[in-house]
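*Asks:* Need a 3D model of the sequence below.
(chains A and B)
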Amino acid sequence: MKKTNIILLVVIAVAIGVIVTMVGDFSTYETFATAREKEGKEFHVIGKLDTLQAMNYDPIKDANLFSFYVHDKTGESHKVIFYGAKPTDFEKAESIVLTGKMEGSEFHCSKILMKCPSKYKDDQVAVSNKQL
Amino acid sequence: MKFVGEHLLPGQLGHFFAILAFVASMVATVAYYNVVKSKDPAAQDSWKRLARWSFIIQSAAVIAVFSCLYYILYNHYFEYKYAWRNTSRDLPVYYLLSSLWSDQEGSFLLWSIWNSILGIILIRTSKKWEAPVMTTFSLAQFIMASMLLGIFVLGYKVGSNPFMLLREAPENQLAPIFQTPDYMQHIHDGNGLNVTLQNYWMVIHPPILFLGFASMIIPFAFAFAGIWTRDYTGWVKPVQPWGLFAIMLLGTGIMMGAAWAYESLNFGGYWAWDPVENASLVPWLTMVAGVHTLLAYKATGHSLKSTIFFFFISYVLILYSSFLTKSGVLGDTSVHSFTDMGMTAQLLFAMLVFTIPSITLLIIRRKDIPSVKKEENSYSREFWLFVGSLILLIAAIQITFTTSIPVWNKLLSAFGLKSLFNMNDIAPPSDSIFHYNKIQIWIAIVLGVLTAIVQFMRYKDTPRGMITKKLALPTLVSLLLTGLVAWKGTITYDTYGAGFLTAIYLMLFASIYAIVGNVTYIFTGLKGKLKNAGASVAHIGFGMVLLGVLISSSKMEIISLDRMKMLNDGFFRKESKQNPRENIMLPRDVPVQMGDYHVTYGGDSVAQGDPKTYYKVHYEKKDRQTGKITEKFTLYPDAFVNRKENAISSNPASRHYLTRDIFTYVSAAPNKEEEAKADTTPYITHEMKQGDSVFFSKGFIVLKGLNTKPESRNYVAQSGDLAVGAELEVFTQTDDHFKLQPVYFIRDSSYQYSVEDTLAPLGLNVRFSKIMPAENKIELKVKEAAGFSDYIVMKAMIFPYINVLWLGILITIFGTAMSIYQKVRRR
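*Replies:* As a prediction, this is how the structure comes out:
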């Protein structure tokens, strides 16, 4: 067998190995109900801001605590806690993708991705408290 | 209906030129194809003349389209949707260009212009390769022009017309405002440019990036021309400088985007592995691989097939990246992708038009492509160039695989697999940055080491002892330096455990090794002949990029940690990891300690004609022992503040040092006017004559006089109003001086109104509530907001040694440019 072929085989093996380990990292889009079943694991939840309930950000008390309520796609509403400053234009977000986990009846999220219609131009903004 | 006040000519001209470009590029494609196919020299000549002229006409037409669009934006013709959507009257002229390419149509236009310019250069320089290469070029231009058509063919919308009128937009056609002929009277201003794009990087980053995109077609076109005309080797020579040109420009474009991300700090640094960033990085990686296998081919005859493959796949990946970012498929996963404009199928078509013929032809004719029967020697340079290219390919595959998650979802559901296995949509990794880092760091390690070693090898075969002898010194020096940096630099990035920290140390060595190895090579390998040192210089730069990335990311430090709150609720509990408390609240004029600094927020200010609010943040560094101030500076982070929606969009301010940058960034600020209104403190009534004054806690107010033609931002006069404004002057203890004018008016001779005026910085509200003509007095009601607070919520961070990264990029660009110059001169 030619050396080039052996190397190609090794590369393919490495690539497959890498992809397999990667798939383990992939997350899934869940609802609050399914996320609660697997409490403690991180998921993505897509939802809308529940405007009937108050959102709370009081920087004088704590600049890193922002809480609000979100409806997931089944309509279930839960309190969401984000440890960071309240994102700009949060009220205008049409839909929100939250990354985080359920803890009790609260959803603790580490990242918020918002889709904001500014007039009819869709801009997205992501906020995260994780860094490079 | 005849509409009044529209300027239709520039739009009609622009649309005409768009169609002209479409037709001319089609003619050019067919004509160039016929040059290649026809056997008769006379026919070839006449086809070639036609082809050249049509390509030149299409180039002129594309530039004309661009000029028309710019003319519309420059003159604020808001009847055009493009102008209305992306500009506003207060937008500075130099941002009009960023408006122009902020939307899809503009970015296609930019791409198309570069294609035209490169095409014309190739017509002049590529001699016998002109016809087959330009066939590909013209086809690319034909597809690009179709993106700007905006016409319906068989019920399917082809392209999107940038000259669409606001009233013609599908979402507006039924709006009542557009049913009146003089609707232009009501459209005073446009939507404006997204504030994050109002940055000078956004003026120059897109043109460079798109020049990079456009130049990636050249290696593709040459390689394809080679296979197509069965001249499998002749295309290699002219393509070499172009391959380098493509990686230089695309690399520069990508890193300018990184510099923008760093300066506007919306994504927490210069690189966030966002799908849009990844999509343009991947073709760069494969093109770098291709350029290296091309070197191997030129020296030894090996790796021609892989070179062709890399050139093909690079352009295909460029098209794939524009598909990802422009089709809206990234939707839920990316921060800055465009939304779907109904062109998904067209973008997919564009990708397949180039993918299918090239890959098919490569497979069919693979046996005809010359290759060397003898295997590469393990001690040869070409062997390791090939291995390095494969490593780059693995990097590309990994990044593409994760970036494409939304595409996998679409594919799985298209084939019904999702319902078959009862699967949910796959989501990107929840910690996506680490997901990429933990794999790419190993690739960076291998690449760094290869960069250091491979130059010392010779093509074909290297004497055994020579490598060890030549590498001994650089290896030793690198090990020493690594030890020194590790010891002095105290890299203790243990967020992801000891395994990752080991990888960080290895990468530290690999990047230092790459730098030292190539510096040594310039002296020992090239005997200091700088003329030929382009590649080595570029590799030194690459090593510095790796080093800069490594140090700045692993030693990035957030200094605005809220330590007070850490004590009360569980910094040491398990939440602590997801609650890094990176924002700190700074009350006005109260110093707060942050890292080595005492930081004080000193109030905000606005300037006439500048839409931004500036926040003054003073930094002071004191000597620990003596308490003397050793360093003092003020940063002015700013923000676009939208009072109505209480939204701020902030830009950081930074203090640059040679060895680190300090960033300050306002994440929230109180809406003072709203707060003052919501306050329930009672008003105090005062009766005043002209010249009287009343005191309040921070100063006093003087009634200067009455104004029968009052002007106030909250009061719009109507005919029949009887209005009086009280001209007040406010003096404070700090010798500040303000004017106020509350208004009192009677409308329809019976209803009394009073329009309040507020002084936000002092929390002062004044109402003009009554006129008492008999006593020649008026009644003012004054309220001072209680517990009024002025503060900002701020984030501050230190990026150490970020300049190593920027310098590395500059050196890489410079080295590549040296190589290009050398290759062109030798030709």
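*Asks:* which residues of the stretch 701-827 of chain B fall in strands?
*Replies:* Secondary structure of the stretch 701-827 of chain B (DSSP state E, counting those that start in this stretch): strands located at B:722-732, B:737-740, B:743-747, B:751-755, B:757-759, B:764-772, B:777-784, B:791-800.
*Asks:* Report the beta-bridge partners for the spatially most central residue of chain A.
*Replies:* What sits nearest the mean C-alpha location of chain A, by CA atoms, centre = their mean, is A:T99, with 1.9 Å. A:T99 has these beta-bridge partners by DSSP bridges: A:H44, A:K111.
*Asks:* Can you get me a residue count around the nearest residue to B:Y744 once chain neighbours are set aside?
*Replies:* The shortest distance from B:Y744 to any non-neighbouring residue, by CB to CB, 6 or more residues apart in numbering or on different chains, is to B:F768 (4.2 Å). For the C-beta atoms, the positions are set from N, CA and C on the backbone; glycine is no exception. Applying other CB atoms under 10 Å in any protein chain shown, we find 26 residues neighbouring B:F768.
*Asks:* you'd agree B:V599 is up against B:P587?
*Replies:* No: here B:V599 lies out of contact with B:P587, judged by CB atoms under 8 Å, at a distance of 11.5 Å.
*Asks:* more crowded one of those two?
*Replies:* B:V599 (22 against 14).
*Asks:* pLDDT value on the more buried one, please?
*Replies:* pLDDT, B:V599: 88.
*Asks:* which residues does it bridge with?
*Replies:* B:V592, B:Y619.
*Asks:* any idea how far it is from chain A?
*Replies:* 14 Å (CB to the nearest CB, to the nearest Å).
*Asks:* check contacts around that residue.
*Replies:* B:586, B:591-593, B:617-620, B:794, B:796 (CB atoms under 8 Å, 6 or more residues apart in numbering or on different chains).
*Asks:* that older thread, tell me if I'm right that the residue nearest to B:Y744 and B:S754 touch.
*Replies:* Yes: under the criterion of CB under 8 Å, B:F768 makes contact with B:S754 at 5.3 Å.
*Asks:* shared neighbours, those two?
*Replies:* B:742-744.
*Asks:* Any chance of the residues you listed in a markdown table with neighbour count as columns?
*Replies:* Output for the shared contacts of B:F768 and B:S754, formatted as a markdown table (neighbours: other CB atoms under 10 Å in any protein chain shown):
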| residue | neighbour count |
| --- | --- |
| B:P742 | 27 |
| B:V743 | 23 |
| B:Y744 | 24 |
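*Asks:* Among those, which one sits closest to chain A?
*Replies:* B:P742 (29.8 Å; CB to the nearest CB).
*Asks:* sec struct for the nearest residue to B:V27 once chain neighbours are set aside, please.
*Replies:* Once flanking residues are discounted, B:V27 sits nearest to B:S54: 4.1 Å by CB to CB, 6+ apart. At B:S54 the chain is in helix, as set by DSSP: H, G, I helix; E, B strand; the rest coil.
*Asks:* Show the contacting residues for B:S54.
*Replies:* B:S54 neighbours (CB under 8 Å, 6+ apart): B:24-25, B:27-28, B:31, B:138.
*Asks:* try 10 Å
*Replies:* Going by CB atoms under 10 Å, 6 or more residues apart in numbering or on different chains, B:S54 touches B:23-32, B:138, B:141.
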